[in-house]
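Sequence first, predicted model second:
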Amino acid sequence: MLRLANPNRFMQWSAKLLPGCAIGTAMLLGLGTWLALFVSPADYQQGDAVRIMYVHVPAAWMASFVYAIMALASAVALIWRHPLADIAAQQSAPLGAGFTLLCLVSGSLWGEPMWGTWWVWDARLTSVLVLFFLYLGYIALINAFDDPSRGARAGAILALVGVVNLPIIKFSVDWWNTLHQPASVFRLGTPTIAASMLWPLLIMALGFTLFFVTLLLLRMRSALMAARLRALRLQESQAA
Amino acid sequence: MSPFVLLIARDLRLALRQGGDAAMVLAFFALTVILFPFGIGPEPELLQRLAAGIVWVTALLAALLSLERMFGADYEDGSLEVLALMPLPLEAQILAKCVAHWLTSGLPLTLIAPLLALFLHLEASGYPALLLGMALGTPVLSLLGAIGAALALGARRGGVLLSLLVLPLYIPVLIFGVAAVEAQIAGLGARPHLLLLATLLVLALGLVPFAAAAALRQALE
């Protein structure tokens, strides 16, 4: 595992892995979209609008999954000072923020026809919104320093602080919501979901995950190359 | 005197001699609260309904104001590096700094909050819960703020960055603080909310010094 994490080796194996990941992503997302749009049935209450779920739910899963990855990479970066872990954490953040935004926007588009409003202060929506701001804070922090390694370390600590705080925020928002809205009309979680809807959903979720992996590898590779370019330029200017 | 107390005394003396830190925070708090009746209208029923929320949100923002100063001045003139060499662990120093920050921001905010609540016609039964909630909640604001202040040391646009980092973490305090007052007014008793605030305080006391010390160390590296 550690040998694979050597930046040179990483460049080698990620170059081999990347095309496979990209093709897999395209196939899974293509298949998932086709299943979601044409094969899966319309909901007897929600009609065709239910198909938004196939984007919304995987995006919501990814929003928290990417934060977990970011925190894990940050912990590795802080404990072992591994440069690749720093890059992984930093490069996941914009992707996580993107998934979170996609979740919020698709949720809003889904809420309009279903609940008749673009936004409700439902506990889940609110926690996702807070998560979005945590991502933004992290991105702002890592870019706020003239010395990039300073930003990386500060960001790693922030990601870990965030991961301790997320459950507390989630709990308090749930608590707050039950206080303010006694009857939660907006509960989405139907306990059972028909297999005809579950399969497309799972395929889409897998596609989203692979999409994230592909983009992360791509971003990490370009970040490494950019760092190498910077180092080369520095050498040149010092030699001259 | 122990180094811990000396450090608190030093920070308090600095705050007093540089003058007006606490006064500025209070003035901001009072002014912002006074803006609300202009914004939403002077009807007593409306203000009464919103009083707890307005006071708490404004206190949250006021507590942000002086956070940058917690380590900022010491960082700029280099005394932070000297402090880091002291035998007193950095974690303990951070606690001392938080105590000093709370004494110059959280405590005055807590003491003036009932007066501002009066302007907003807060129902009489809500005052004890407001005071107790602020007394338990504002130290958490100082502690969480210490992490943000340590992380943002030396950053460009540190002040704005600090609020972006810290405000999401303040949400639980706000929720339980306001809920305590509203539950008391509704006759349900503020006890569970106050206990939850106390839980947050204990958690923050135990965990924040380590996170903030890690952040300070990387800032000094």
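Okay, I see it. Note that the structure is predicted; figures quoted are calculated from it, not measured. Residues are numbered from 1 along each chain as shown, chains lettered A, B, ... in the order given.

Tell me who's in contact with residue 197.
Since no chain was named, I'll use chain A. A:S40, A:P41, A:V50, A:M53 (C-beta atoms under 8 Å, 6 or more residues apart in numbering or on different chains). Glycine gets a C-beta too; all of them are placed from N, C-alpha and C.

my bad, the chain I had in mind was chain B
Listed by C-beta under 8 Å, 6+ apart, the contact partners of B:L197 are B:G133, B:L136, B:G137, B:V140, B:V173, B:F176, B:G177, B:A180.

in what helix or strand does residue 96 lie?
You didn't say which chain, so I picked chain A. Using DSSP states H and E, A:G96 falls within helix A:83-115.

should've been chain B
Assigned by DSSP H and E, B:A96 falls within helix B:90-101.

after that helix comes which helix or strand?
Downstream of helix B:90-101, the next assigned helix or strand under DSSP H and E is helix B:107-119.

Could you list the buried residues of the next helix or strand after that next one?
Note on helix B:107-119: by DSSP H and E, the next helix or strand toward the C-terminus is helix B:127-151. By 16 or more other C-beta atoms under 10 Å in any protein chain shown, the buried positions in helix B:127-151 come out as B:127, B:129-151.

what's the answer for stretch A:196-215, then?
If you call a residue buried by 16+ other C-beta under 10 Å, then stretch A:196-215 has these buried ones: A:197, A:200-201, A:203-215.

Restricting to C-alpha, output it in CSV.
Taking C-alpha atoms only, stretch A:196-215 is exported to CSV below (Å, rounded to 0.1, in the frame of the first residue of the first chain):
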residue,chain,number,x,y,z
SER,A,196,-37.4,-2.1,-10.2
MET,A,197,-36.3,1.2,-8.7
LEU,A,198,-33.6,-0.1,-6.4
TRP,A,199,-31.5,-1.6,-9.2
PRO,A,200,-31.1,1.6,-11.3
LEU,A,201,-30.4,3.5,-8.1
LEU,A,202,-27.6,1.1,-7.1
ILE,A,203,-26.1,1.2,-10.6
MET,A,204,-26.2,5.0,-10.6
ALA,A,205,-24.6,5.0,-7.2
LEU,A,206,-21.8,2.8,-8.4
GLY,A,207,-21.4,5.0,-11.5
PHE,A,208,-21.2,8.1,-9.3
THR,A,209,-18.5,6.4,-7.1
LEU,A,210,-16.4,5.4,-10.1
PHE,A,211,-16.9,8.9,-11.6
PHE,A,212,-15.5,10.3,-8.4
VAL,A,213,-12.5,7.9,-8.5
THR,A,214,-11.8,8.8,-12.1
LEU,A,215,-11.9,12.5,-11.5
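
So, low pLDDT: which residues of chain B?
Where chain B drops to pLDDT under 70, the residues are B:19.

could you list every residue that touches B:A51?
Applying C-beta under 8 Å, 6+ apart to B:A51 gives the contacts B:A117, B:L120, B:H121, B:L122, B:E123, B:G126.

In a markdown table, list the residues you listed along with neighbour count.
As requested, those are exported to a markdown table (neighbours: other C-beta atoms under 10 Å in any protein chain shown):
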| residue | neighbour count |
| --- | --- |
| B:A117 | 23 |
| B:L120 | 21 |
| B:H121 | 18 |
| B:L122 | 25 |
| B:E123 | 16 |
| B:G126 | 24 |
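
Export those residues as a markdown table, with columns for distance to chain A.
Output for the contacts of B:A51, formatted as a markdown table (distance: C-beta to the nearest C-beta, whole Å):
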| residue | distance to chain A |
| --- | --- |
| B:A117 | 20 |
| B:L120 | 20 |
| B:H121 | 21 |
| B:L122 | 18 |
| B:E123 | 17 |
| B:G126 | 15 |
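
The buried residues of helix B:127-151 also near chain A: which ones?
With C-beta under 8 Å from any C-beta of the partner chain as the criterion, those include B:I147, B:L151 near chain A.

quick one, phi psi at the residue of chain B most remote from its centre?
Using C-alpha atoms, centre = their mean, the residue of chain B lying farthest from its centre is B:E43. It sits 29.8 Å away. The phi/psi pair for B:E43 (degrees, to the nearest 10) reads phi -60, psi 130.

roughly how far apart are it and B:L120?
Separation of B:E43 from B:L120 (C-beta to C-beta, to the nearest Å) stands at 11 Å.

can you check A:A68 too?
42 Å.

In space, not sequence, find me the middle residue of chain A.
With distances taken as C-alpha atoms, centre = their mean, A:G96 lies nearest the centre of chain A, 2.9 Å away.

pretty sure that one contacts A:A63?
Yes: A:G96 is in contact with A:A63 according to C-beta atoms under 8 Å; the separation is 6.4 Å.

before we move on, which element is the nearest residue to the residue nearest to the centre of chain A once chain neighbours are set aside in?
The spatially closest residue to A:G96, leaving aside those adjacent along the chain, is A:V66, at 3.4 Å (C-beta to C-beta, 6 or more residues apart in numbering or on different chains). Taking DSSP H and E as the definition, one finds A:V66 inside helix A:53-80.

Name the residues of chain B found near chain A, please.
Within chain B, the positions adjacent to chain A are B:147, B:151-152, B:154-158, B:161, B:164-165, B:167-169, B:171-172, B:175-176, B:179, B:182, B:196, B:200, B:203, B:207, B:211, B:214-215, B:218-219, B:221 by C-beta under 8 Å from any C-beta.

And the buried ones among the residues you listed, selectable in PyMOL?
Of the residues of chain B next to chain A, the buried ones go into a single PyMOL selection, burial set by 16+ other C-beta under 10 Å:
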select buried, chain B and resi 147+151+152+154+155+158+161+164+165+167+168+169+171+172+175+176+179+182+196+200+207+211+214+215+218+219
